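Undergrad: task: produce atomic coordinates for the following.
(chains A and B)
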Amino acid sequence: MSSSTRRLLLSLGGLALAGAAAAGAIAVAAAPEEKVITVAAMKFDFLPSTITLKKGEPVILELSSIDRAHGFKVPDLGIRADVLPDTTTRVRIVPDKVGRFTFACDNFCGEGHEDMEGVIVVGE
Amino acid sequence: MSITIDRRQFARLAGLGGVVFASGLGSPLTAGPFGIGAARAAPAAEDFFFVQLSDTHWGFKGPPNPEAANTLKLAVEAVNALPQQPDFIVFTGDLTHTTDEVDERRKRMGEFRDIIKGLKTQNIRLMPGEHDASLDKGAVYQEFFGPTHYAYDHKGVHFIVLDNVSDSTAAIGAEQLAWLGDDLKKQDPAAPVVVFTHRPLFDLYPQWDWATRDGKAALDLLMPHGNVTVFYGHIHQENHQMTGHIAHHAATSLMFPLPAPGSQEKRTPLAWNPEKPFSGLGWREVAAEAKTARYTLRQMPVKA
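TA: This is a model prediction of the structure:
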């Protein structure tokens, strides 16, 4: 399977996250007007570690790993995705509330795993 | 150290789960803060007690514990000094601190094994934490300590050890869940069941990865059983919660304490206090009354 066909669009709006993951390969292009934020995962950081969004404004997070399998979990927004090497995982977010929402790697990756986290800041 | 639950919580836990708490630093034979004496004071024929140690993180080095090389050894001495030895001793995971180097992992496992050989009670039950098993699917752990999940019976209580760490995504997995279901089918639904595991089986605080991805599936299997208690580690502090009628008790670490769930932005270890060395660390006795599925927990400190 090519990396392009393995791209996932995980939409909080209509496409269920678990359903998308179970389907295994859903190739969906982002609407051109939607903002795209690239997030790199590596032992033991996310770059950027602070993601600033606006309430109601759709954004696509493009997640990829430069070393090993990681996870991306934002419990307060109901998001989780695998972040794998040689794969871009796309997560569509339409924040419906303001606040600070912690995200973290949920795939144990080594001694600094507990420090591998960041925050999504949603403003008006 | 007092358990941080109020009397209302205590009453709810005791009423629904048949769980009784005792705590404090006094003699094991003294009454706890709620006036309940330890079961060991007058054990009935089927009563027994065991000791739970957790998150020893052997091999850790760093400012959160300048006594890292001694803490586990002090705990072993303290358990050996009990006036009565426990029926068995359980370590609920993170026996060693993780390392990417396989040889170093073996070294730490070997050192841990050698230290616990000094325990007077050699009926020892082990399970891995993610630091022991998540980087190699438990391969080195199994070389040293055998299976990562199993069950056994002791004086009328059915004990189940669940592995929610060998899969690095914190999943128990379909195969082990099927094994759990088969094991539970053999048990009387009214019989006392105790589960030992490393991570919480419920979503304690998923923001800090304090959860098990498919823990609900395990709890769904356990729910038809009327007397279930879970003892776990991972969060490096005492925590007592109910999911339905199932009681969950987290244990302190023997390396460094972690902050209360959500009490700060990051789950960084609490700083070592030179005025109160080993504060926040410890182990516990659990007195079991099999007939009534009542458990008395007594928190014990680490002392230099």
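Undergrad: show me the contacts for the closest residue to residue A:76 other than its chain neighbours.
TA: Spatial nearest neighbour of residue A:76, chain neighbours left out: residue A:101 (4.4 Å); criterion: C-beta to C-beta, 6 or more residues apart in numbering or on different chains. Quick note: C-beta positions are derived from backbone N, CA and C, even for glycine. Contacts here follow C-beta atoms under 8 Å, 6 or more residues apart in numbering or on different chains; on that basis residue A:101 touches A:74, A:76-77, A:119-122.
Undergrad: what's the answer for residue B:104, then?
TA: residue B:59 are the contacts of residue B:104 under C-beta under 8 Å, 6+ apart.
Undergrad: cool, the one 3 residues further on as well?
TA: In this structure, residue B:107 makes contact with residue B:59, judged by C-beta under 8 Å, 6+ apart.
Undergrad: if we use 6 Å, what do you get?
TA: Under the criterion of C-beta atoms under 6 Å, 6 or more residues apart in numbering or on different chains, residue B:107 has no neighbours.
Undergrad: how close does it get to residue B:124?
TA: Applying C-beta to C-beta, to the nearest Å, the value for residue B:107 to residue B:124 is 20 Å.
Undergrad: can you show me the helices along chain A?
TA: A:17-23 (DSSP state H).
Undergrad: actually the stretch 1-150 of chain B, not the one I typed
TA: B:7-17, B:68-80, B:102-116, B:130-133, B:139-145 (DSSP state H, counting those that start in this stretch).
Undergrad: any idea which of those helices is most buried?
TA: Among these, helix B:130-133 has the highest mean neighbour count (mean count of other C-beta atoms under 10 Å in any protein chain shown), at a mean of 28.
Undergrad: show residues contacting that helix.
TA: With contacts defined as C-beta under 6 Å, 6+ apart, helix B:130-133 is touched by A:108, B:94-98, B:141, B:165-166.
Undergrad: identify the farthest-apart pair in these.
TA: The span of the contacts of helix B:130-133, defined through C-beta to C-beta, is set by B:97 and B:166 at 16.9 Å.
Undergrad: related to what we said a few turns ago, of the helices of the stretch 1-150 of chain B, which is nearest residue B:264?
TA: For residue B:264, the closest of the helices of the stretch 1-150 of chain B is helix B:130-133, at 21.5 Å, according to C-beta to C-beta.
Undergrad: hmm, back to that, can I get the contacts of residue A:101 in JSON lines with neighbour count and pLDDT?
TA: Formatted as JSON lines, the contacts of residue A:101 follow (neighbours: other C-beta atoms under 10 Å in any protein chain shown; pLDDT from 0 to 100):
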{"residue": "A:74", "neighbour count": "22", "pLDDT": "96"}
{"residue": "A:76", "neighbour count": "14", "pLDDT": "94"}
{"residue": "A:77", "neighbour count": "20", "pLDDT": "94"}
{"residue": "A:119", "neighbour count": "20", "pLDDT": "96"}
{"residue": "A:120", "neighbour count": "21", "pLDDT": "97"}
{"residue": "A:121", "neighbour count": "15", "pLDDT": "98"}
{"residue": "A:122", "neighbour count": "21", "pLDDT": "98"}
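Undergrad: and the closest residue in space to residue A:66 that isn't next to it in sequence, how far is that from residue A:109?
TA: Of all residues not flanking residue A:66 in the chain, residue A:42 sits nearest, at 4.8 Å (C-beta to C-beta, 6+ apart). Separation of residue A:42 from residue A:109 (C-beta to C-beta): 9 Å.
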